[in-house]
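[1] sequence first, predicted model second:
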Protein chains: 2
Amino acid sequence: MNTPQTRDAELTRGRILEAALDLFVAKGFADVAMREIAGRSNVTRSLIHHHFGNKEALWEAVKEQAFSRYIEQQKPELEHASMADESLLRSAVTRYFRFLGENPQVVRLLGWIHMEGDASCGEREGEIIALGAERIRQAQRAGVFRADINPVHAVTMFVVTCAQWFHGRAHHSQWPGIGSDDEFLDDFLKIFVDGLRIAAVDGNRP
Amino acid sequence: MNTPQTRDAELTRGRILEAALDLFVAKGFADVAMREIAGRSNVTRSLIHHHFGNKEALWEAVKEQAFSRYIEQQKPELEHASMADESLLRSAVTRYFRFLGENPQVVRLLGWIHMEGDASCGEREGEIIALGAERIRQAQRAGVFRADINPVHAVTMFVVTCAQWFHGRAHHSQWPGIGSDDEFLDDFLKIFVDGLRIAAVDGNRP
DNA sequence: ACATTAATTGACCGGCCGGCCAGTTAAGAG
DNA sequence: CTCTTAACTGGCCGGCCGGTCAATTAATGT
């Protein structure tokens, strides 16, 4: 109302997407009113419908954009980084852990996606998971990591752990004796890296 | 309407709670109408208000009951089982993993609780987490597991992994090369148990 | 300058929502 | 047998919801 700025479809689309992301991620799709999004982005509801069609289509667009940003942000890290030895694996895990800690919106976005059972985003994340798995496979061939483990499962294990740590943060921060982010990460890395080490492989007992 | 059964407050309360649990867990609090719950439990909306007050109070009651059931179900398992050696830890993890796999409602319930940031349930789960942590601490004192790890973090690690594995099932089942429930569990156990083993402790490199 | 296109608005609609209330009816106590 | 209590019903209400539409207004091409 006080910002009669020049007409720019791309810019307003962006403002709408931003407001919608904030609200959807904070409260969930069903609990957000188009009126709220309109208010926050200084735009009429009609205009949102003009640009995105309906509420569901807007949510899809929001997920699409936010998830793409997430993927594009992570991909180069995994493409350049190698996991050819333990310390590099450590730093890769640490980096992802810190990333989620600093981007709670990503964590919550994934949470809603999981709740919806939306599988489409899974395929796209699959690309970068495969990238990480390939690094670990190389390290296995080089004899650095034990070879009796599906490398995808190794990646899954740390991705899943990082995600759930922050996803259920408020919940398990109540657990007696639990430590800080860094303390948990340290302990996780000890178990994870040592468990992947090749020397530990010959301890299989029934 | 076709079931004018004798009046029994406790029984109808139960029917309402059951219907509400199904719907809330499936669609989330905001997306469920009192009318749906009333329809499914063959009861008028007014009666639900009579018994539970309002929608939010009903949701609290539902969470309370379902979460209590979950806790009461898990507690004896952890009280009786010991983790004094690796195979017992393996079976404890396996049991919890299977439990979540067979009770998707529990997984989703936890999901909503996490999304809401509800911390109250965390305290109660803390009790059984502490139980598990105590077992591991014993094994550490006995020299079976490495002692340089916070036992609570060890428990957290596998609880969190099991939860997120099923929570994001539809999502990461799209990842190329990922295995079945059992295959993932096997690989997780290899890393987890071997990583906890005391022999692996002296491999720390900067 | 003017016509065309598209961004933007405000008013309106039918429908569903949660909550309330005044009654009705069954069970149990005396 | 009756009185009390509480389980249970049906109908009503104000309010918010998502969506539509005709009208307005700013850019853009010619």
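    Great, that's in hand. No experiment lies behind these values; they were computed from the predicted model shown.

[2] who's in contact with A:His172?
    Applying CB atoms under 8 Å, 6 or more residues apart in numbering or on different chains, we find A:His172 in contact with A:Ile178, B:Gly122, B:Glu125, B:Gly126, B:Ile129, B:Thr156, B:Val160. C-beta: built from backbone N, CA, C; applies to glycine.

[3] tell me if I'm right that the fourth one and A:Gln174 touch.
    Yes. The pair B:Gly126 / A:Gln174 is scored as a contact, 5.4 Å apart, by CB atoms under 8 Å.

[4] if you count what's nearby, which of the two comes out ahead?
    B:Gly126 (20 against 16; other CB atoms under 10 Å in any protein chain shown).

[5] sec struct for that one, please.
    helix (DSSP: H, G, I helix; E, B strand; the rest coil).

[6] got the contact list for it?
    Per CB under 8 Å, 6+ apart, neighbours of B:Gly126: A:His172, A:Gln174, A:Trp175, A:Pro176.

[7] which residue is the nearest non-sequential neighbour of it?
    Sequence neighbours aside, A:Trp175 is the residue nearest to B:Gly126 in space, at 4.3 Å (criterion: CB to CB, 6 or more residues apart in numbering or on different chains).

[8] for the one you found, grab the count of nearby residues.
    22.

[9] who's in contact with it?
    B:Gly122, B:Glu125, B:Gly126, B:Ile129, B:Ala130, B:Val152, B:Thr156 are the contacts of A:Trp175 under CB under 8 Å, 6+ apart.

[10] and A:Ile149, how far from DNA strand D?
    Look at A:Ile149 and DNA strand D: by CB to the nearest atom of the strand, to the nearest Å, they are 46 Å apart.

[11] per-residue pLDDT of that residue, please?
    For A:Ile149, the model assigns a pLDDT of 97.

[12] buried residues of the strand or helix carrying A:Arg35, list them for me.
    Here A:Arg35, judged by DSSP states H and E, is contained in helix A:34-40. By 16 or more other CB atoms under 10 Å in any protein chain shown, the buried positions in helix A:34-40 come out as A:Met34, A:Ile37, A:Ala38.

[13] one more: stretch A:71-85?
    By 16+ other CB under 10 Å, the buried positions in stretch A:71-85 come out as A:Gln74, A:Leu78, A:Ala81, A:Met83.

[14] ok, for the third one, nearest residue in space, not its chain neighbours?
    In this case it means A:Ala81. A:Ala81's closest residue in space is A:Ala92 (CB to CB, 6+ apart), at 5.5 Å.

[15] for that neighbour, what is the enclosing helix or strand?
    helix A:86-102.
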